[in-house]
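Student: Fold the following and give me the result.
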Amino acid sequence: MAVETLTQKAARARQIVARLRRVHPDARLALDFGSPFELLVALILAAQCTDERVNEVTKVLFVKYRSPEDYVRVPREELEADIRPTGFYRNKARALQRSCEDITRAFGGVVPARLEDLLSLPGIGRKTANIILGNAFGEPAIGVDTHVMRLSQRLGLTRHTNPDKIEADLTHIMRRPDWVRACHLLQFHGRRTCISRKPRCPTCQIALLCPYPNKGVAGTRNSACPAPGQRPLRTKRRSRR
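Tutor: Just a heads-up that it's a prediction; the model follows:
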């Protein structure tokens, strides 16, 4: 099988985005927010938690806490109780208060709109910073979450597992104006069709653009169907007794 050139891969990526636009016209960031600061809070809470649960919590949280100063002033135990349903609430409360302290002290209570400044905030990594830039400030950015990572690997758009390297690969093959929208589309397709444990390849609308092996095998698991360039995981054989 011929190796795909960068130009060919970029052309295929454009086709994938165009097809997914038609398949998922409602694709958007799943977190509810009304300002860059609310998005920052929601993203910190979203670590190892579903977007649906975060939206339930922030619906009340955003009424009680209006500014970074509100998060700083509240006793840590009270904040922990307010965000407890999102899990890992102690770590998240600490990250929220430390980030809000820095936003208040260094940025006048306003979430900064530069990548370098966002990365200086406690609890904010590159994925989170890019999601804020793309969705709150309208800047072209690619936030590599679990769905973007999984689908970009399965679609053969990257061979990397490191999120930063995946981001770099995608920025080279996707049109800059498509970066934010492409992430939304991959996220929705990952939730609806290309799910983690059992990708629905037989009904996938971009199957012809995808080099994922064993398409058409219902219920294929990740261990049996690695992403292009990855070795399959070894599974233990059941002993016959």
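Student: Find the residue at the geometric middle of the protein.
Tutor: Asp145 (2.5 Å; CA atoms, centre = their mean).
Student: which one is that one nearest to, not counting chain neighbours?
Tutor: Spatial nearest neighbour of Asp145, excluding adjacent residues (CB to CB, 6 or more residues apart in numbering): Lys127 at 6.1 Å. Every C-beta, even on glycine, is put in place using the N, C-alpha and C of the backbone.
Student: Tell me the spacing between the one you found and Leu40.
Tutor: Using CB to CB, to the nearest Å, Lys127 is found at 13 Å from Leu40.
Student: Those two: which is more packed in?
Tutor: Set Lys127 next to Leu40 and count neighbours by other CB atoms under 10 Å: Leu40 wins out with 26 against 20.
Student: isn't the more buried one right up against Cys100?
Tutor: No - if you go by CB atoms under 8 Å, Leu40 and Cys100 don't touch, sitting 9.1 Å apart.
Student: Now do the helices in the protein.
Tutor: In the chain, helices defined by DSSP state H lie at 6-23, 36-45, 51-64, 68-73, 76-83, 89-107, 115-119, 126-136, 146-154, 163-173, 179-192, listed in chain order.
Student: what's the closest of those to Ile206?
Tutor: Nearest to Ile206 among these is helix 6-23; the distance by CB to CB comes to 5.1 Å.
Student: now that closest one: how far from the chain's centre is it?
Tutor: Per CA atoms, centre = their mean, to the nearest Å, the displacement of helix 6-23 from the mean C-alpha position of its chain is 19 Å.
Student: I'd like to know which elements that helix is packed against.
Tutor: Contact here means 3 or more CB pairs under 8 Å, 6 or more residues apart in numbering; DSSP states H and E; on that basis helix 6-23 packs against helix 163-173, helix 179-192.
Student: Can you pull out the residues in contact with it?
Tutor: 4, 27, 155-157, 170, 172-175, 178, 181-182, 185-186, 188-189, 205-206, 209 (CB atoms under 8 Å, 6 or more residues apart in numbering).
Student: Kindly report the same for stretch 181-194.
Tutor: Contacts for stretch 181-194 (CB under 8 Å, 6+ apart): 13, 17, 20-21, 23-24, 26-30, 131, 134, 142-143, 145-148, 150-152, 154, 170, 174, 196, 199-200, 203-206.
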